[in-house]
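Engineer: dropping a prediction and its sequence here:
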Amino acid sequence: MSSLSHSVLGQQSVIKQAGLVFGASLFIAMAAQISVPMFPVPMTLQTLAILLVGFTLGARLGALALITYLAEGAMGLPVFANAGNGAAFFGPTAGFLVGFVGVAFLAGLAADRGIAKGVVSTALVALAVSALLYVPGIAWPMAVAKVTGLEGTWIGKEFGAYYWAYFIQPFLIGDAVKAVLAAVIMAGGWSFLAKR
C-alpha cells in the first residue's frame, strides 16, 4: 500500500518531495491560525492538518513536513497557533510541538501500511495517535521541573488532577472531532481517487 500522495502523483522526484514537504508545512501553519469556538476551549485546526499531512504524505514525508514546520517556528516565523514562534519551545506546549512529528509519522505509517483507508479505521488510528500526543505533552513540563528544580504555574506538578485538568481534558472533545474529520476527508480522497 502507499500514501494518497504517492497514489495520485506516482513516483516522486526529490524536487517534488521537497515541494510536498514545504507545502505541507505551510498548510499546517495556516491551519494553526484557524480557531473554532468550542467548549471548554477553542479548537485550532493544527492537529487536524497534521493528521491529514501524515495520512496523505506517508510516514517519512509526513515527519519531514513536521520537522520543517518546527524549524520554521524555531527561525522566528509565526507558524504556531496564535502566530506563535520559537518562543513556544520554552513554554508549556513544547512537548506537544515535538510530539507533532510522531503524530505525522504514525498516521503516515498507518497509511503506508494500508491500515488507514476507510472511515472507521482512519478515525481509530487518528484517535490513537492523538491520544499518544499527550505523552510528550505532559512529559515536557514534568521533565523541566525535574531538571531545573523549578515550580510554577505549569511545571513542578505531580502527574494527576492538574495535568488532567489543564493539559488533557479540555482538548479531548476537539481531538475526537478532528479525528473523525480527518477520517471523513481521507476516505473522501480515496473514494475520489477510486472513481478517476
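Structural biologist: Ah, there it is.
Engineer: and the residue nearest to V36 when sequence neighbours are not counted, backbone torsions?
Structural biologist: The shortest distance from V36 to any non-neighbouring residue, by CB to CB, 6 or more residues apart in numbering, is to M43 (4.7 Å). The C-beta positions use only the backbone N, C-alpha and C, and glycine is treated the same way. The phi/psi pair for M43 (degrees, to the nearest 10) reads phi -110, psi 130.
Engineer: and M43, what does it touch?
Structural biologist: 35-36, 171, 174, 177-178 (CB atoms under 8 Å, 6 or more residues apart in numbering).
Engineer: can you check A182 too?
Structural biologist: By CB under 8 Å, 6+ apart, the contact list for A182 reads 48, 51-52, 55, 122-123, 126.
Engineer: any idea which element it lies in?
Structural biologist: helix 172-195 (DSSP states H and E).
Engineer: report the buried residues of that helix.
Structural biologist: For helix 172-195, a neighbour-count test (16 or more other CB atoms under 10 Å) marks 174-175, 178-183, 185-187, 189-190 as buried.
Engineer: repeat that for stretch 121-131.
Structural biologist: For stretch 121-131, burial by neighbour count (16+ other CB under 10 Å) applies to 121-127, 129-130.
Engineer: ok, back up a step: name the nearest of the contacts of M43 relative to G62.
Structural biologist: The shortest approach to G62 among the contacts of M43 belongs to K178, at 15.8 Å (CB to CB).
Engineer: from A32, how far off is the closest one?
Structural biologist: Note on K178: its distance to A32, by CB to CB, to the nearest Å, is 13 Å.
Engineer: next: A74.
Structural biologist: Distance, A74 to A32, by CB to CB: 15 Å.
Engineer: more neighbours: which of these two?
Structural biologist: The neighbour comparison of A74 against A32 (other CB atoms under 10 Å) goes to A32, with 23 against 15.
Engineer: tell me the pLDDT of the more buried one.
Structural biologist: Note for A32: predicted pLDDT of 95.
Engineer: same deal with S7?
Structural biologist: So S7 comes in at 62 (pLDDT).
Engineer: how about L4?
Structural biologist: 67.
Engineer: okay, now the unreliable bits of the chain?
Structural biologist: Along the chain, segments meeting pLDDT under 70 span 1-10, 39-41, 145-160.
Engineer: need the helices for it, in chain order.
Structural biologist: 4-9, 14-32, 46-57, 59-74, 94-112, 119-132, 134-148, 161-163, 172-195 (DSSP state H).
Engineer: closest one to N85 among the ones you listed?
Structural biologist: That would be helix 59-74 among the helices of the chain, by CB to CB, at 5.3 Å.
Engineer: this completes my enquiry, with thanks.
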